[in-house]
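K.L.:
let me see the structure of the following:
(one chain, ligands or ions: 2)
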Amino acid sequence: RKRTKIADALSPEKIGEEINIKGWVRTRRGNKNVSFVAINDGSTIHNLQVVIEMEKFGEDFLKPITTGASLSVNGKLVASQGKGQTVEVQAEEMEIYGTADPATYPLQKKGHSLEFLREIAYLRPRTNTFGAIFRMRHHMSFAIHQYFNDRGFYYFHTPIITGSDAEGAGAMFEVTSFNLNNVPKTEDGSIDYSKDFFGRQTNLTVSGQLEGELGAMSLGAIYTFGPTFRAENSNTPRHLAEFWMIEPEVAFYDIHDNMDLAEDFLKYLIRYALEHCKDDIEFLAKMYDEELPDRLKFVVENDFVRLSYGEGVKILEESGHTFEFPVHWGTDLQSEHERYLVEKHFKRPVILTDYPKEIKSFYMKQNDDGKTVRAMDVLFPKIGEIIGGSEREENYDKLMQRVKETGMNIDPIWWYIETRKFGTAPHAGFGLGFERLMLFVTGMTNIRDVIPFPRTPNNAEF
Ligand code: 4AD
Ligand code: MG
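P.N.:
Ligands and ions are numbered 1, 2, ... in the order given. Next up is the predicted model:
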């Protein structure tokens, strides 16, 4: 018999059919005569109840059917008499694929804390919570491709291994083929990278932007969607060492076009989640965050506030609020500042623009005031910065001047700067941190809980 997914078995049209279902036992209860086994196969947050007559199978056969065991069940789908489900399967034949000894299986019927589940990340996808989150992760990924494809953006693949530091922040993981016990040295004692695999020093990418810009300057509108890596030692609920980033880049866009795109894109994704992940959102809301659905709807239905960094800082200074990190013109904003603007002051998402050039990257287009650049950060409730982007400096001399001012090494990015000499044009783009988006749509509060295998300081076991 061909397997029916539980998501499909739950529809009332199937009542009366003989079906096969396969999955993992979530719970089992019952008495001497009848056993009720809730099975989940990952296709939905909902379990399917299997009703087993003890007499038919015998005590010995049924004993290993405990939480975590995997089963195949043939039986008739019938309307359920019991509370909590509309349909159930009356077991006729059963096969146990694998048992899960309750004495050693770490996941039990009772709820486990998110902290505990982080320690057994290799098993947590089997829980209701992580099933919901990882299904939503899939749907959001799909929606991202759908959004850009429908609007004529090309998915442009940028390298994972690069020779450059796109953000100029220096927080990179080095990639080397050297045997670390025998690293070739030059005469002056420094590492001889010319003998390394690529003949140069390389690292895992911190952003696909620089290469993405080259895509936009030929294909018109592109986006990247891939893993990025940062070795910044920020052990926070919002930072990962390996995270996924979506970076659209568009030729002939200015910062206003860029803000319009960012707002429309985020609203599309959140609307998509509300429409396609209803059951999972409902479950997560019930378990962790009752305001989640309303918060999502609110963001979809309301305009984002747009104002300059300078205006934002003024509001913070005049707020009378005591921040852990004091704030004045020139300081990089902390998430407490961002969240104050979003949650306390405006009570809606905010796009801040025109940051001081000193706290932003070298490639951002300079304003005429000589002090600020055309940067834009999108700030979200509960998250703080969810998107960072800018209009790019397309003028060769001005870009070179910023490279010099910031003291960057031009050698690994000469090709990027060179493009300003050949058919340069205005363009803009941004980066959305995929896990920050996932935090928002799931209502989770720790970024380690929205990626299957989080990479954070001292954490790469599984
Ligand atoms: O603001 P960031 O550093 O900007 C860039 O990398 C640009 N090259 C993007 C562009 O213009 N194409 O990072 C962009 C976003 C942030 O707003 C945040 O959502 C996310 O990436 N992000 C992180 N997410 C998880 N862990 C980290 N360590 C992150 N660092 C940045
Ligand atoms: Mg940023």
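K.L.:
quick check, the residue in the stretch 251-400 of the chain closest to ligand 1?
P.N.:
Closest residue of the stretch 251-400 of the chain to ligand 1, Cβ to the nearest ligand atom: Gly388 (2.5 Å). Placement of C-beta: from N, CA and C, glycine included.
K.L.:
make sure that residue is indeed in a strand.
P.N.:
Yes - judged by DSSP: H, G, I helix; E, B strand; the rest coil, Gly388 forms part of a strand.
K.L.:
start the count at 709 instead of 1 going forward.
P.N.:
Renumbered: residue one is now 709, and that last one reads Gly1096.
K.L.:
nearest residue to it in space, please, no chain neighbours.
P.N.:
Asp1085 (5.2 Å; Cβ to Cβ, 6 or more residues apart in numbering).
K.L.:
who does the residue of the stretch 959-1108 of the chain closest to ligand 1 form a beta bridge with?
P.N.:
Beta bridges link Gly1096 to Asp1085, Gly1139, judged by DSSP bridges.
K.L.:
how much space between it and Ile729?
P.N.:
Here the distance between Gly1096 and Ile729 works out to 46 Å (Cβ to Cβ, to the nearest Å).
K.L.:
more neighbours: which of these two?
P.N.:
Ile729 (24 against 21; other Cβ atoms under 10 Å).
K.L.:
looking at this, the more buried one is in a helix?
P.N.:
No - Ile729 is assigned strand when assessed by three-state DSSP, not a helix.
K.L.:
my read: it touches Thr752, true?
P.N.:
No - with contacts counted by Cβ atoms under 8 Å, Ile729 stays clear of Thr752, the gap being 11.9 Å.
K.L.:
who touches both of those two?
P.N.:
Jointly contacting Ile729 and Thr752 under the rule Cβ atoms under 8 Å, 6 or more residues apart in numbering are Ile714.
K.L.:
how about the residues of the stretch 859-1008 of the chain by ligand 1?
P.N.:
Contact residues, the stretch 859-1008 of the chain versus ligand 1 (Cβ under 6 Å from any ligand atom): Ala874, Glu875, Ser915, Gln917, Arg938, His947, Leu948, Phe951, Met953, Glu955.
K.L.:
which strand or helix spans the last one?
P.N.:
Remark: Glu955 resides in strand 950-959, with elements defined by DSSP states H and E.
K.L.:
could you check the angle the helix or strand just after that strand makes with strand 950-959?
P.N.:
Per DSSP H and E, the first helix or strand lying C-terminal to strand 950-959 is helix 963-984. For helix 963-984 against strand 950-959, the angle by axes from the mean of the first three to the mean of the last three Cα atoms, to 10 degrees is 130 degrees.
K.L.:
can you give me the buried ones in the helix or strand just after helix 963-984?
P.N.:
With elements assigned by DSSP H and E, the helix or strand that comes after helix 963-984 is helix 986-996. By 16 or more other Cβ atoms under 10 Å, the buried positions in helix 986-996 come out as Asp988, Ile989, Phe991, Leu992, Ala993.
K.L.:
what's the answer for stretch 802-817, then?
P.N.:
Here stretch 802-817 shows Met802, Ala808, Leu815 as buried, counting by 16+ other Cβ under 10 Å.
K.L.:
among the residues you listed, which one has the lowest pLDDT?
P.N.:
Minimum pLDDT across those is recorded for Leu815, with 93.
K.L.:
contact partners for that one?
P.N.:
Contacts of Leu815 by Cβ under 8 Å, 6+ apart are Thr775, Gly776, Ile828, Leu831, Arg832, Arg834, Thr835.
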